[in-house]
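Participant: got a predicted structure here, sequence first:
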Amino acid sequence: MSGDSNKSELILNLDKLHTTDLGVVRIKRNLSLDVDDVVRWCRNKIQDSNALIRREGKNWYIDINDCIITVNAYSYTIITAHKLKK
């Protein structure tokens, strides 16, 4: 599978994107986010035209605005997100 078809697979399934309660806490803490809907925030970042999306094994990695969002490729669970270390 090429990178583009991989990327479109994630984009086509954004409606399945979700996370756990602990995931919400972890993502908010790691990114210092003050938002009510972490999944919507991540979905918007993934849809950004500047997002670099790659799949490695069972996970998607979305690189956008100095942060990396990790999404399980099978369940579409947002596992974590963290700031890139400068």
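Facilitator: All right, it came through fine.
Participant: secondary structure element for Arg29?
Facilitator: helix 21-31 (DSSP states H and E).
Participant: need the contact list for the residue lying closest to Trp60 once chain neighbours are set aside.
Facilitator: In this structure, Trp60 finds its nearest non-sequential neighbour in Val71, 4.3 Å apart by Cβ to Cβ, 6 or more residues apart in numbering. C-beta coordinates here come from the backbone N, C-alpha and C atoms, glycine included. Counting by Cβ atoms under 8 Å, 6 or more residues apart in numbering, Val71 touches 10, 17, 42, 46, 59-62, 77-79.
Participant: quickly list what the residue sitting nearest the centre point of the chain is bridged to.
Facilitator: The C-alpha lying nearest the average C-alpha coordinate of the chain belongs to Ile69 (Cα atoms, centre = their mean; 3.7 Å). When assigned by DSSP bridges, Ile69 has beta-bridge partners Ile62, Ala81.
Participant: do you know how far it is from Leu17?
Facilitator: 10 Å (Cβ to Cβ, to the nearest Å).
Participant: between those two, what contacts are shared?
Facilitator: Joint contacts of Ile69 and Leu17 (Cβ under 8 Å, 6+ apart) are 42, 46, 78.
Participant: tabulate those (a markdown table), appending secondary structure and pLDDT.
Facilitator: Below are the shared contacts of Ile69 and Leu17 laid out as a markdown table (DSSP: H, G, I helix; E, B strand; the rest coil; pLDDT from 0 to 100):
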| residue | secondary structure | pLDDT |
| --- | --- | --- |
| Cys42 | helix | 97 |
| Ile46 | helix | 96 |
| Ile78 | strand | 98 |
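Participant: right, and the residue nearest to the centre of the chain touches Cys42 too?
Facilitator: Yes. Contact criterion Cβ atoms under 8 Å: Ile69 and Cys42 qualify, at 5.4 Å.
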